[in-house]
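J.: pasting the sequence and the predicted coordinates here, then a few questions.
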Amino acid sequence: MNDPLIGRQVANFRIERVLGRGGMAQVYYGRDVKLQRPVAVKVIDASFRGNPAYARRFVQEARTIATWRHENIVQIYYADNESDLYYFVMEYLDGLDLAGLLARYLRNGELMPLEDVIRIGRAIASALDYAHQKGVVHRDVKPSNVMVATDDRIVLMDFGLALDSHQGTMGEVFGTPHYIAPEQARNSSNAVPQSDLYSLGIILYEMLTGTVPYDDPSPTAVALQHLTLPLPPPRERNPALNIETEAVLIKALSKSPADRYQKGYELMDALEKAVSAHSFASPIELPPLPAGMEFRPQTSLSQVSVADWLARHTQETQTSTAYPIPGLPPTRRSLQTSEVSRQAPPPNMASSSKKWGWLIGASLASVLIVGLAIAGFVLLSGDGNEDKQNVGATATVEPSITATIGVLVPQDAATSIPTLTASPTEAISVAGIQTVATSSPTPTLTATATSTNSPIPTAPASLTPTIEQISVSAVPTIKYPNGRRVILLYNADSFYILNVSGGSLQAASFGFERILNEGNFLNRFYGNQLARFYPTLDSNYCARMEILQRTGYLRPSDCRGYNSSITPQAQDSFVFWTPDPRSMQFRVLWNEEEIARCEISAERCEVYLP
């Protein structure tokens, strides 16, 4: 995609690169050429520039907060309309969004320290109380709209759905389903200040238990759960919570706005008092998940504070020449390292609606009209998680054991390397994985029988460079052949993840990495970048990456639509699939576990998720 805004100057601001793309707007990294400071430039998407209603909403967002001064609300510097280009300029924040921070803790099977929960919660509450005093309801409070900056500021962003309570709304815009208040799910015009506090309550619930209370692959189903289902008791999700803390969360998430805390500071005062004498056992043994939820690791309070994460982020970005990437975990883990067997993936929260099916059935008649209204939510919510100026840390490469021909072998298996003699087109079976030798030389692997603790057999030292002339066919290594099916389609200009599993997938769980010929890894891509725009990859939908200033995009016809879109530059550090003489394969990760390896030259790879 040739982005005409890259390199362009509007007013005093030079646009340099894309930071994020949402459903209706883009955010660019820019520079104030007069004051010599970095800025974030939010621009209305070209497809919406002719829409007067959205243009008004976009301008209103800038006007709403341009005159505000609050340390926990993003600062607007400038706004203008230039040649039908609606844009505004705001402060650039270096740090991590709250969604990325929570993902880091969950990857380690940990919960955020309580003092950080209180500190972040108070900052959000203070920002909301200020906005509510100004007569504005945010309507889209969620972790990805909260930035935790390296200077220790906590900033609420993206007032794009903000409602002026004096002007009202026709109810055509919704928030994000996992964090939406029941009254707002019925009709956006029903949003009140306590609707934002409900969303804050969901965030607190998530920080204290490791999960959101309601989850389902369908956004409509999630919204209906907020309307109809009782709150899953927080102590069922985290038994280490005391009764007082549970009572605060239950009140904060009452179905009726009148039954909730009326001010943000009231909620946080009550929560701080409740957790003041709180202690956690380590590790916390959680009870069985509701029906349909497949996995949950043991959870303990982390000893790593948010400040520690931000310090690591600062150190990593200072030593990295790549563009910062949002929400990255601190280290990389290879399938070959023993840590993988101990690394519990974050919760894969599938549908919990089965457990409560009788309640939904009993309530169906009363919420039928509501359901029809919410069905429009899917169409109106766009990519869900809109544009951010969010930046985060890059990860450092840890040493790992080199694998031969991408073969995945159980870690505790004793290995015996057989003699393999291949003609130019003869199929070779290695550890149950079929590959095809297509080069003219006939390599021979000398048989050696050894017992080793190495998780992946390495070729004997006597192998000559002729083995490098072998061109391995486009048959990927697969770890879960009976798992959920995903098709990867790619060429030199673009990359697409097509979900054909029959259900929704958590976008943040994906990971990809180029495998260098010597066995090391490079060009790591984290699924958090996709989840910034929309948390899931829906059935028969795609997530895509299309390199800027290229023209050969595949745009597969099998993609019903796109949940997330990223437009990197060719030199970006996370572009992992493009042809490179140093690399023939990339690997696919799911919750930090390597599950498959794919041939770059094949331009298609089917993988199966656990």
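T.: Okay, I see it. Numbers count the residues shown, from 1 in each chain.
J.: for this structure, just list every one of the helices.
T.: In the chain, the helices defined using DSSP state H lie at 52-66, 98-107, 114-133, 182-186, 193-209, 219-228, 234-237, 243-252, 264-275, 306-318, 339-342, 357-380, 528-531.
J.: of those helices, which shows the lowest average pLDDT?
T.: Sorting these by mean pLDDT places helix 339-342 lowest, at a mean of 30.
J.: low-confidence ranges, the stretch 401-550 of the chain, go.
T.: Filtered on pLDDT under 70, the stretch 401-550 of the chain yields the residue ranges 401-478, 533.
J.: and the gap between the residue lying closest to residue 149 once chain neighbours are set aside and residue 154?
T.: Take residue 149 and drop its neighbours on the chain: the residue closest to it by C-beta to C-beta, 6 or more residues apart in numbering is residue 95, 3.8 Å away. Glycine gets a C-beta too; all of them are placed from N, C-alpha and C. Distance of residue 95 to residue 154, given as C-beta to C-beta, to the nearest Å: 9 Å.
J.: same thing with residue 570?
T.: 35 Å.
J.: number of nearby residues for residue 151?
T.: Neighbour count for residue 151, taken as other C-beta atoms under 10 Å: 10.
J.: for residue 105, see how far away it is.
T.: From residue 151 to residue 105 the distance is 21 Å (C-beta to C-beta).
J.: okay, now the closest residue to residue 510 other than its chain neighbours: neighbour count?
T.: Spatially, and ignoring its direct neighbours in sequence, residue 510 is nearest to residue 527 (3.5 Å; C-beta to C-beta, 6+ apart). With neighbours defined by other C-beta under 10 Å, the count for residue 527 comes to 24.
J.: and for residue 38?
T.: Residue 38 has 14 nearby residues by other C-beta under 10 Å.
J.: and what of residue 210?
T.: Neighbours of residue 210 (other C-beta under 10 Å): 24.
J.: any idea how far it is from residue 218?
T.: 22 Å.
J.: do residue 8 as well
T.: In terms of C-beta to C-beta, residue 8 sits 40 Å off from residue 218.
J.: ok, residue 104 next?
T.: Applying C-beta to C-beta to residue 104 and residue 218 gives a distance of 28 Å.
J.: and those two? Which one has more around it.
T.: residue 104 (24 against 19).
J.: fine by me, we can end here.
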